[in-house]
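please work out how this folds:
(chains A, B, C and D)
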There are 2 protein chains.
Amino acid sequence: MSEPITPTGQHDHTRCVSSALSAAEARCINGVTLTKSRRRVLEIVWESHRPIGAYDILDRLAAEGQPAKPPTVYRALNFLLEQCLIHRLETLNAFIGCGASEADGHTAQFLICRDCNLAQELDDPALRQALNDAADQSGFHVDKRVVELSGICADCRKAA
Amino acid sequence: MSEPITPTGQHDHTRCVSSALSAAEARCINGVTLTKSRRRVLEIVWESHRPIGAYDILDRLAAEGQPAKPPTVYRALNFLLEQCLIHRLETLNAFIGCGASEADGHTAQFLICRDCNLAQELDDPALRQALNDAADQSGFHVDKRVVELSGICADCRKAA
DNA sequence: GCGGAACTGTTATGTTATAACATGATCCAT
DNA sequence: ATGGATCATGTTATAACATAACAGTTCCGC
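Have a look, this model is predicted:
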């Protein structure tokens, strides 16, 4: 969030990928292991700020000479989701690296651009509060929040 | 929203189904027609306040001796979505009747109970505002909003 | 080295959704 | 009333997304 992401997603990925990986390694300590294939899937997910589908990950693995089958990828993705290292975007059936720090409840909101396909992760406190209030008013106990706003991002609007 | 919906969803459905249908007829005037099969799919969707999947609708049609194929149902569902007569719940790949009045932008939020499977439709102004603000801060133009909170509803919490 | 736990491989299948093309119904303008 | 445009439906096939079930492997503590 502190670093601009261009419409083409061209920024220093090596930096954010490696920071994602070190966060991942840090989180994997007691009985939880970041194995080679989980690590590779995490890298692939982080290779852009765009959501990527499970079968696209399969294709990447195949292209690298590591042919895999769906369960392999889905198992890795589920592990990464459990560890809060990635998010699943419900509206796209796709996955994206989690940009948030470890202990913030893994709650996020997404702005998904139809044009450049970037997905910007937010964690807006006011929005979070409004979500909590809405649920509280109904006496509803929330386990999981999905907030995905689709449209056109600022850069693409300028470009148009 | 004015009428209580129990955890079992037992309330006067004939009333809400027929009011949904008359809303639908009213909306279908100029070049837009509520055909028999679209109408039947709308009725099926409205037969509970629970989200229903496309293939469950297919099964119902088959049980009624109106065997249909997936495109038939998806075409009806897409029509009903365009007319804002139903919503699609992205987290469930399922559909539910739209309880909102005609001209409010078809923006809604859902509280989805994992236990009784009811989905309560909200249109909370504060939440809507918070969503707008979050997008505006990023200069993002929103086309479509998906807000789905999953958890346990008040009734199921009491019952537990 | 043995047993258990975690991880991976493999086959098959389940679930959700659409492409592509053919046919039928409706309307209304000439 | 016919021709043709438009909208709706039927039909076949397949694409896209996801998991069940079971077999094999690796790793680690005892």
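
which residues touch A:Pro70?
When contacts are counted by Cβ atoms under 8 Å, 6 or more residues apart in numbering or on different chains, A:Pro70 touches A:Ala54, A:Tyr55, A:Leu58. From N, CA and C alone the C-beta is placed, and that goes for glycine too.

just put those in CSV and tack on neighbour count and pLDDT.
Converted to CSV, those look like this (neighbours: other Cβ atoms under 10 Å in any protein chain shown; pLDDT from 0 to 100):
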residue, neighbour count, pLDDT
A:Ala54, 17, 98
A:Tyr55, 11, 98
A:Leu58, 20, 97
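
need the residues you listed in CSV with distance to chain B and secondary structure, can you?
Below are those laid out as CSV (distance: Cβ to the nearest Cβ, whole Å; DSSP: H, G, I helix; E, B strand; the rest coil):
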residue, distance to chain B, secondary structure
A:Ala54, 15, helix
A:Tyr55, 17, helix
A:Leu58, 21, helix
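
which of those residues are close to DNA strand D?
Contacts with DNA strand D within those, as defined by Cβ under 7 Å from any atom of the strand: A:Ala54, A:Tyr55.

now tabulate the contacts of A:Pro70 in CSV and tack on distance to A:Gln120.
What follows is these, written out as CSV (distance: Cβ to Cβ, whole Å):
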residue, distance to A:Gln120
A:Ala54, 22
A:Tyr55, 24
A:Leu58, 26
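
ramachandran angles for A:Thr33?
With angles defined as degrees, to the nearest 10, A:Thr33 sits at phi -120, psi 140.

which stretches of chain A have low pLDDT?
Of all residues in chain A, those with pLDDT under 70 make up the ranges A:1-12, A:18, A:20, A:22, A:24-31, A:101-106.

and the contacts of A:Pro70, which is closest to B:Gln120?
A:Ala54 (30.9 Å; Cβ to Cβ).

what does chain A have sitting close to chain B?
Proximity of chain A to chain B (Cβ under 8 Å from any Cβ of the partner chain) is limited to residues A:90-91, A:109, A:111, A:113-114, A:120, A:122, A:124, A:126-127, A:129-131, A:133-135, A:137-154, A:157.

so which bits of chain A are right by DNA strand D?
A:Gly53, A:Ala54, A:Tyr55, A:Lys69, A:Pro70, A:Pro71, A:Tyr74, A:Asn78, A:Asn93, A:Ala94.

A:Asn132: what secondary structure?
helix (DSSP: H, G, I helix; E, B strand; the rest coil).

sorry, back to before: the residues of chain A next to chain B in helices, which ones?
Among those, the residues falling in helices (DSSP state H) are A:Ala126, A:Leu127, A:Gln129, A:Ala130, A:Leu131, A:Asp133, A:Ala134, A:Ala135, A:Gln137, A:Ala154, A:Arg157.

look up how far DNA strand C lies from the residue nearest to A:Lys144 when sequence neighbours are not counted.
Nearest non-adjacent residue to A:Lys144, counting by Cβ to Cβ, 6 or more residues apart in numbering or on different chains: B:Ser150, 4.4 Å away. Computed as Cβ to the nearest atom of the strand, to the nearest Å, the B:Ser150 to DNA strand C distance reads 15 Å.

what sits against the nearest residue to A:Asn93 once chain neighbours are set aside?
Distances taken as Cβ to Cβ, 6+ apart put A:Gly53 closest to A:Asn93, at 6.2 Å, once the chain neighbours are dropped. Residues near A:Gly53 by Cβ under 8 Å, 6+ apart: A:Leu92, A:Asn93, A:Ala94, A:Phe95.
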